[in-house]
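Colleague: With the input below, show me the fold.
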Amino acid sequence: MAESQIGLYKAELIRPEGPWRGVEHVEIETLNWVDFFNHERPHEALDDLTPIAAEELHYAARNELTPTG
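Modeller: Predicted structure coming up:
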């Protein structure tokens, strides 16, 4: 799984955005890419929802009150 993530990282950020000015530039852009990947990117496995939207739906469904009797 880690190799798949590294492959995505290289394919989506490192190769297309280079050449890089230095290590600091790579570090800042890596943080931006990780934030985008974890919060804003639609995921096919989540029915094209972002992770945040899927999490909100999950907790909303768990917190629905059901009448008893």
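
Colleague: what element comes up after the helix-or-strand element of the chain with minimal mean pLDDT heading to the C-terminus?
Modeller: Every helix and strand of the chain was ranked by mean pLDDT, DSSP states H and E. The lowest is helix 2-9, at a mean of 78. Downstream of helix 2-9, the first helix or strand assigned by DSSP states H and E is helix 15-17.

Colleague: And the least confident helix or strand of the chain, what's buried?
Modeller: The neighbour-count check on helix 2-9 (16 or more other CB atoms under 10 Å) flags nothing as buried. To be clear about C-beta, it is placed using only N, CA and C from the backbone, and glycine gets the same treatment.

Colleague: and that helix, how far from the chain's centre?
Modeller: 13 Å (CA atoms, centre = their mean, to the nearest Å).

Colleague: so what does the top helix by length along the chain touch, helix or strand wise?
Modeller: Using DSSP state H, we find that the single longest helix of the chain is helix 23-39. Counting by 3 or more CB pairs under 8 Å, 6 or more residues apart in numbering; DSSP states H and E, the packing neighbours recorded for helix 23-39 are helix 2-9, helix 51-62.
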